[in-house]
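For reference, the sequence and a predicted model appear below.
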Amino acid sequence: MDLQAVAVKGTQDVLPANAHKWQYIEKTAADAAARFGFREIRTPVFEKTELFERSVGDTTDVVQKEMYTFNDKGGRSITLRPEGTAGAMRSVLEHGLFNDALPVKAFYTTSCYRYEKPQAGRLREFHQFGVECIGAPSPVADAEIILLGNAILTELGIKDISLQINSIGCPTCRAAYKNALKSYFEDRKDELCDTCKDRLERNPMRILDCKSPVCQAVCKDAPVILDYLCDECSAHFETVKTLLDTAGLSYTVNPGIVRGLDYYTKTVFEFISSQIGAQGTVCGGGRYDGLAKELGGPDLPSLGFAMGLERILMVMENQNCPFPDPEPVDLYIAPMGDAAQAQAVLLCNTLRQEGFKAITDLNNRGLKAQMKYAGKIGAKFSLVLGDNELNEKIARLKNMKTGEQREVVFPDGVITAIYDENIQNTFQNLNESLEKFNG
Ligand code: ATP
Ligand code: MG
């Protein structure tokens with residue numbers, strides 16, 4: 001194929017035939033977030049490079065290896081966002097939103113960019129649904145955020161997801177832990193991969209997040225952060241667990257969950273599916289109490305999560321989760337001749353104003369070709385308009401599924417007939433859902 005017509009490695013199109021699945025996932029997530037009191041935030045796709053260096057952390061894989069960074073024509077270093085939190089926090093600080101009611105609760109659906117090795121569930125352009133709750137120190141916020149993540153996955157019909165939680169403490173408890181970790185890994189340095197040897201010097205906790213099986217084996221016996229938590233972090237974590245217990249949400253405490261970004265503190269969590277291979281984490285999040293201050297803002301303990309939408313879609317397709325059917329075209333009007341064409345456009349517009357999906361011929365095709373087209377796009381009804389119909393103001397509305405035809409006076413008759421049919425469908429849907437509900 002022509003080179004120009006091939007997408008960049010690690011990127012993916014959403015084609016019209018699949019778009020309804022994306023819309024469904026995005027809407028389900030946004031509606032759930034709204035019920036938890038979150039409102040949407042939209043931030044630019046690129047930011048100053050230093051924003052991500054400062055917030056994501058310069059010892060992380062994301063900053064060290066994965067960012068799409070370039071100089072713009074004015075010589076500024078710009079980076080395509082590798083994640084959504086930094087931009088959202090920057091925006092909240094810049095606009096002083098923290099001066100209004102706290103916490104600031106915002107959600108977003110965004111594309112993210114990371115130069116990674118493309119594979120199933122790992123792309124260079126991918127999409128996240130994320131939420132940020134800024135200025136909420138209480139463990140109740142942790143529990144609520146986790147419950148929101150769970151609500152979205154449940155509403156999407158996703159099953160067999162395990163929730164794994166951990167606390168990675170605050171800078172105070174982490175100092176002692178880092179020392180213990182460092183001396184443990186020093187002793188087994190030879191077994192680590194080259195990147196981890198480097199991590200040992202710069203940030204030993206990053207080793208726990210290494211994907212290499214050899215390093216993971218070394219990590220198995222490493223000291224556990226939970227043994228080093230200070231009183232406050234420990235009490236915070238206990239309350240989060242109690243709240244989750246009370247809410248009836250089951251979880252596993254996994255000290256191996258440390259998250260890939262530096263800004264996390266205290267609670268971290270992942271929702272993991274075992275059904276889509278190695279890239280099983282569909283949602284990851286936690287607290288980032290130090291981030292606002294790190295970016296020059298006030299002290300705003302905060303937390304959030306991000307879901308990888310490609311992975312969510314993979315799990316849903318894998319588990320045959322139901323997606324609502326894409327809405328079909330209600331009516332295809334097949335005009336014969338110029339006068340009929342003009343009437344068809346008019347009738348289409350009237351129907352569109354009534355809320356129906358109505359289309360007509362744009363290609364000057366003959367009747368047979370038009371009907372074939374109407375069939376291909378799955379139109380519910382078709383209507384042929386020729387000279388006779390124009391003169392008599394009567395046309396035949398055809399139900400494309402059953403083949404039944406019905407004479408209608410147009411335009412009003414057409415509208416009424418389609419309404420009738422839709423109302424019947426609505427009743428049928430209602431009855432079906434009631435039947436399901438009644439079991
Ligand atoms: P992983 O451990 O899989 O690399 P991560 O810790 O780097 O994930 P986060 O930065 O926490 O991921 O991003 C949140 C979510 O975004 C992940 O849980 C995942 O679902 C999704 N995600 C991250 N990187 C990618 C990617 N390259 N392609 C597709 N989805 C991704
Ligand atoms: Mg990663």
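That came in fine, so what should we check first? Numbers count the residues shown, from 1 in each chain. Ligands and ions are numbered 1, 2, ... in the order given.

neighbours around whichever residue of the chain sits closest to ligand 1, how many?
Residue nearest to ligand 1 within the chain (C-beta to the nearest ligand atom): residue 308, separated by 2.2 Å. Using the backbone N, CA and C atoms, a C-beta is placed for each residue, glycine as well. Residues lying near residue 308 (other C-beta atoms under 10 Å) number 21.

And the residue nearest the centre of the chain?
In the chain, the residue lying closest to the centroid (C-alpha atoms, centre = their mean) is residue 129, at 3.3 Å.

Just say helix, strand or coil for it.
Following DSSP: H, G, I helix; E, B strand; the rest coil, residue 129 is assigned to strand.

what residues does the chain put near ligand 1?
Taking C-beta under 6 Å from any ligand atom as the contact definition, the chain meets ligand 1 at 83, 114, 116, 121-123, 126, 128, 259-261, 279, 281-284, 306, 308, 310-311.

The same query, at a cut-off of 5 Å, please.
114, 116, 122-123, 126, 260, 281, 284, 306, 308, 311 (C-beta under 5 Å from any ligand atom).

any chance of these in TSV, plus pLDDT?
Listed next are these as TSV, based on pLDDT from 0 to 100:
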residue	pLDDT
114	98
116	96
122	96
123	98
126	98
260	70
281	95
284	97
306	98
308	98
311	97
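
For residue 356, give its distance to residue 382.
13 Å (C-beta to C-beta, to the nearest Å).

Need the residues touching each of these two.
residue 331 (C-beta atoms under 8 Å, 6 or more residues apart in numbering).

what are the phi and psi values for the residue of the chain closest to ligand 1?
Backbone torsions for residue 308, taken as degrees, to the nearest 10, come to phi -90, psi 110.

is it in a bridge, and if so with what?
When assigned by DSSP bridges, residue 308 has beta-bridge partners residue 128.

Make sure it is actually in contact with residue 121.
Yes - assessed by C-beta atoms under 8 Å, residue 308 is found in contact with residue 121 at 7.3 Å.

Return the per-residue confidence for the residue nearest to the centre of the chain.
In this model, residue 129 is scored at 98, pLDDT.

tell me the contacts of it?
Applying C-beta under 8 Å, 6+ apart to residue 129 gives the contacts 25-26, 29-30, 107-109, 152, 306-307, 309.

Repeat that for residue 425.
For residue 425, the contact set (C-beta under 8 Å, 6+ apart) is empty.

how about it, secondary structure?
Secondary structure, three-state DSSP: residue 425 is helix.

Could you check how far it is from residue 418?
Computed as C-beta to C-beta, the residue 425 to residue 418 distance reads 10 Å.

again with residue 146
46 Å.

Between the two, which has more neighbouring residues?
residue 146 (26 against 21).

Quick one, grab the pLDDT at the more buried one.
Confidence for residue 146, expressed as pLDDT, is 98.

Distance check, it against residue 154.
12 Å.

One more: residue 284?
Distance, residue 284 to residue 154, by C-beta to C-beta: 18 Å.

who has more neighbours, those two?
residue 284 (24 against 14).

looking at it, the more buried one is touching residue 261, isn't it?
No - between residue 284 and residue 261 there is no contact under C-beta under 8 Å: 9.0 Å.

residue contacts, the closest residue to residue 196 other than its chain neighbours?
Using C-beta to C-beta, 6 or more residues apart in numbering and skipping residues adjacent in sequence, the residue nearest residue 196 is residue 207, 4.7 Å away. By C-beta under 8 Å, 6+ apart, the residues touching residue 207 are 181, 185, 192, 196, 199-200, 215, 218-219, 222.
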